[in-house]
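>>> Fold the stuff below for me.
(chains A and B)
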Amino acid sequence: MLPKQEVVAMLLAGGQGSRLGVLTKSLAKPAVPYGGKYRIIDFPLSNCVNSGIECVGVLTQYQPLELNEYIGNGQPWDLDSTSAGVRVLPPFQRSRKSDWYKGTANAIYQNIPYIERYNPEYVIVLSGDHIYKMDYSKMIAFHKEKKADCTIAEIEVPMEEACRFGILNTNGDGSIYEFDEKPKQPRSNQASMGIYVFTWSKLRKYLEADEADPKSSNDFGKDVLPAMLNAGERMFAYPFEGYWKDVGTIDSLWESNMDLLNPKIPLDLSEEKWKIYCRNPVMPPHYISKDAKVQNSLIAEGGNVCGTVDFAVLFSGVYIAPGAVVRDSIIMPNTRIEEGAVVQYAIVAENCVIGKNTVVGRRPEDMENKDDWGVAVIGDGCVIPPDTVVPPKAMIDREQLGKEVGNNARK
Amino acid sequence: MRGNDVLGLIFSNLHEESVRELTENRTMGSVPFGGRYCLIDFPLSNMVNSGINKVGVLTKSHYQSLMDHLGSGKAWDLSRKREGLFLLPPFETEFENGNSRIESLSSVQSFLENSKEEYVLLTDSDVVCNIDFSAVLAFHVEHQSDITLVCRRGTIPGKLTDPAVCITGPDGRVSDLLINPRAEGECCFSMNMMLIRRELLMRLVADCVSRNRYDFKRDLLQRNVGSYRVFAYEFRGFAKAICSGVAYFEANMALMEPGVRAQLFDPSRPIYTKVRDDMPARYGLGASVSNSLVADGCVIEGEVRNSVLFRGVHVGKNTVVENCIILQDSVIRSDSHLNYVIADKKVLIKDGRSLFGFQSYPVYIAKGSAV
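Okay, the predicted model is just below:
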């Protein structure tokens, strides 16, 4: 019997994140690199450990190799304790009725035995798609104070964007009377952050009922939460203030990286009392050469910068050759930008080479038709030949690149 | 490499008098270097990369910073169930005030006895280099050597304490060992690293102690050159001994050379250090940086030239930092100008200060002081 844990966190990390295109082709979304040295999953994991939650189950399903390797024994997040810590929970075979995770609720349902081992009072359900720093212990205190069965974290979003979120409509005391999933005419701008605290005994009952219902899609947002609301359970919205960003799309991932460069946005990731932990690369400090120009940027260790860098996030081990220009872009680990190349408004994934004098992306102000503009994305391991033009909004991966180079060779 | 056959031993306190300011509150091994490292990271990583999985660190005094840095040895993958890292503070006090290798070795006699490795690799922590010790072992075995001294050929760096010069035959066998000779021009001098069979080391140490002789180089090495097969293994890569304040400064500045960085931080033999979980370095509007090494956690809003900035250094607006080594968490506020300054950890330079040293004499600012 393991020591009792008051709270067990379940982190949903199985989604494909298809809107991130080539970036998640061979990588689960929570493992997508962010902010020069982090990955998205560092945020919920660090938040857990900083909130005093020592028991985290990570539910994986899509392309789990790199994510599993990254989480390892959990030591970088101080989650390698013997009795609790982080556990990777893939779907598995049983003597009967084995299945993939059919939905978010089903993923938790399949892991009821894992949760029961710790005999918890509360379960907090998290997702691996957001950049934010949050003290979950305050939310759990709120849940207790309200004697709630379910508490959902909410954040104020601009009214005009409310239609993209799940909206919570609440009474004066914070209790929820209605969910509005991506409403055309939102009645409030309180968006759900996808963070749920449940009283475990209640949740377990609803998960079992949901599993027994053949018509259910086994999803928290679509099935379990509405069922709880209809049955009149005590459901509350917990207001959160601070930085929170969904990084599920190319644009929002790019924006959120750029937010780190904005001194007006309070997102200090090495703040002593709420550090974001990650698996650190073993590399020397980065070197800025005599002729390099670097401003408004974030640069990780191991890099060699000889060119011009402005409004850029450079991950570890990146090389920027003399005469190369990188602006308004994100360059992921161990990528080389060769001489004379210009990279603007782009995300270049790991281990790429951008050949000499190649141009990637464009500034929106240089475009005649603004609708054609967008962030250019280059998937991991691409070697872009010299003198190539990669247009804005382009999305290139290795296979596609191989075909194109093949076509050119035939011509 | 048959790593299990070699026990690593690192002397963390020797040579402290060469960089007196930096070692006032720390061991030689914990002197910060190269933006994020401590000197001991080099011998320790070299050993681990060569397959050695048992390392003893001999300390004598003020080793708190060293223990803090090493922790359980996790960062070097030396926190292991079998073998791993052993901190060896003095626990026998029959020796009054000495800091010699023989006294240290004699005081860890039981550790040596209880180890099962055939060989012992001894090293000081004052030399910065990336060396493959498995090549030293192969050389040792090939030459049927009793004692192999790792040497470099060149002119002896000024102020190196008691350099040991090897007079060698064509096969590398040492016929004579001269200590602190009047050497002019190139010679083959010891890097204070040596490989020896464990049994032989214990015997030679006991022999010295029984004769009340405590000078490692004169009594243990020099006197035995005739009676044992002593060989010099020549190391040809980049190496820099931290034998004076100026040498410390120069060794840090040498990292600006791409060739030096490529050798010292060879990705196939990485130098490990304690992790600090800082954010990547942030460059503000108006930042201007050239020919510098910058570690994680730095925030730069001013001008930085020819400098090494350690983790968590802040450089304020309109401030110029040139030819400086700024250690961890130091803050230089706005409108200041620093040239040839070594600022220790957590130094605060307030607004509008000017501090100038000179190439041959960099100004040193003590840990935690405010200017």
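>>> show me what contacts residue B:211?
residue B:219 (CB atoms under 8 Å, 6 or more residues apart in numbering or on different chains). In short, each C-beta sits where N, CA and C put it, glycine included.
>>> what's the distance between it and residue A:72?
Residue B:211 sits at a distance of 53 Å from residue A:72 (criterion: CB to CB, to the nearest Å).
>>> Name the single longest strand found in chain B.
Taking DSSP state E as the criterion, chain B has its longest strand at strand B:187-197.
>>> Neighbouring strands - and their directions - for it?
If you go by DSSP bridges, strand B:187-197 pairs up with strand B:119-124 (antiparallel), strand B:147-154 (antiparallel), strand B:164-168 (antiparallel).
>>> right, so those strands: which one is the most enclosed?
strand B:119-124 (a mean of 23; mean count of other CB atoms under 10 Å in any protein chain shown).
>>> So what touches that strand?
In contact with strand B:119-124 (CB under 8 Å, 6+ apart) are residues B:5-11, B:14-15, B:28, B:43, B:47, B:52, B:101, B:112, B:133, B:136-137, B:140, B:192-198, B:201.
>>> got the contact list for the residue in the stretch 151-300 of chain B that chain A sits nearest to?
Using CB to the nearest CB, residue B:280 is the residue of the stretch 151-300 of chain B that sits closest to chain A, at 3.4 Å. Counting by CB under 8 Å, 6+ apart, residue B:280 touches A:35, A:36, A:37, A:298, A:299, A:300, A:301, A:313, A:314, A:315, B:296.
>>> State the number of residues packed around the first one.
Residues contacting residue A:35 under the criterion other CB atoms under 10 Å in any protein chain shown number 25.
>>> What's the per-residue pLDDT of it here?
Note on residue A:35: pLDDT of 94.
>>> which residues sit in contact with the closest residue to it other than its chain neighbours?
In space, residue A:35 comes closest to residue A:260 once its chain neighbours are excluded; the distance is 5.5 Å by CB to CB, 6 or more residues apart in numbering or on different chains. Counting by CB under 8 Å, 6+ apart, residue A:260 makes contact with A:35, A:36, A:267, A:269, A:298, A:313, B:282.
>>> Phi and psi next, for residue A:260.
phi -70, psi -20 (degrees, to the nearest 10).
>>> Could you do residue B:234 as well?
phi -90, psi 120.
>>> what about it, neighbour count?
Quick note: residue B:234 (other CB under 10 Å) scores 15 neighbours.
>>> is it in a bridge, and if so with what?
residue B:151.
>>> Pretty sure it sits against residue B:148.
No. The pair residue B:234 and residue B:148 fails to qualify as a contact (CB atoms under 8 Å) at a distance of 10.8 Å.
>>> Let me see the ranges of the strands in the stretch 1-150 of chain B.
B:6-11, B:32-33, B:37-38, B:54-58, B:84-88, B:119-124, B:127-129, B:147-154 (DSSP state E, counting those that start in this stretch).
>>> Select only the buried ones of the contacts of residue B:280 in PyMOL?
To isolate the buried members of the contacts of residue B:280 in PyMOL, using 16 or more other CB atoms under 10 Å in any protein chain shown:
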select buried, (chain A and resi 35+36+37+298+299+300+301+313+314+315) or (chain B and resi 296)
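>>> got the contacts of residue B:280 as JSON lines, with distance to residue A:399 columns?
Output for these, formatted as JSON lines (distance: CB to CB, whole Å):
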{"residue": "A:35", "distance to residue A:399": "28"}
{"residue": "A:36", "distance to residue A:399": "28"}
{"residue": "A:37", "distance to residue A:399": "28"}
{"residue": "A:298", "distance to residue A:399": "31"}
{"residue": "A:299", "distance to residue A:399": "31"}
{"residue": "A:300", "distance to residue A:399": "28"}
{"residue": "A:301", "distance to residue A:399": "31"}
{"residue": "A:313", "distance to residue A:399": "26"}
{"residue": "A:314", "distance to residue A:399": "26"}
{"residue": "A:315", "distance to residue A:399": "23"}
{"residue": "B:296", "distance to residue A:399": "35"}
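>>> Just the contacts of residue B:280: which are in strands?
Using DSSP E, the contacts of residue B:280 in strands are A:298, A:299, A:313, A:314.
>>> Could you find the closest non-adjacent residue to the closest residue to chain B within the stretch 1-150 of chain A?
Among the residues of the stretch 1-150 of chain A, residue A:36 lies closest to chain B, at 3.4 Å counting by CB to the nearest CB. Nearest-residue entry for residue A:36: residue B:280, 3.4 Å, with adjacent residues in sequence omitted and distances by CB to CB, 6+ apart.
>>> how near is the residue of the stretch 151-300 of chain B closest to chain A to residue A:318?
Applying CB to CB to residue B:280 and residue A:318 gives a distance of 11 Å.
>>> The strands of the stretch 1-150 of chain B into TSV, with extra columns for mean pLDDT?
Output for those, formatted as TSV (pLDDT from 0 to 100):
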stretch	mean pLDDT
strand B:6-11	94
strand B:32-33	96
strand B:37-38	94
strand B:54-58	93
strand B:84-88	91
strand B:119-124	95
strand B:127-129	95
strand B:147-154	94
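>>> right, and these - which one's nearest residue B:323?
strand B:32-33 (16.7 Å; CB to CB).
>>> other SSEs contacting the closest one?
helix B:245-253 (3 or more CB pairs under 8 Å, 6 or more residues apart in numbering or on different chains; DSSP states H and E).
>>> Show me which residues of the helix it packs on are buried.
B:245, B:246, B:247, B:248, B:249, B:251, B:252, B:253.
>>> Quick check: closest non-adjacent residue to the residue of chain B most remote from its centre.
Residue farthest from the centre of chain B, counting by CA atoms, centre = their mean, is residue B:285 at 37.2 Å. Distances taken as CB to CB, 6+ apart put residue A:296 closest to residue B:285, at 5.6 Å, once the chain neighbours are dropped.
>>> what's the pLDDT at the one you found?
94.
>>> What number of residues are in the vicinity of it?
Around residue A:296 there are 20 residues (other CB under 10 Å).
>>> which residues sit in contact with it?
Contact partners of residue A:296, counting by CB under 8 Å, 6+ apart, are A:261, A:310, A:311, B:283, B:284, B:285, B:287.
>>> Need the worst-confidence member of the residues you listed.
residue B:285 (90).
>>> Contacts only, for that one.
Contacts of residue B:285 (CB under 8 Å, 6+ apart): A:295, A:296, B:301.
>>> Wait, the first one touches residue A:312, no?
No. Residue A:295 lies out of contact with residue A:312 (CB under 8 Å); the separation is 9.4 Å.
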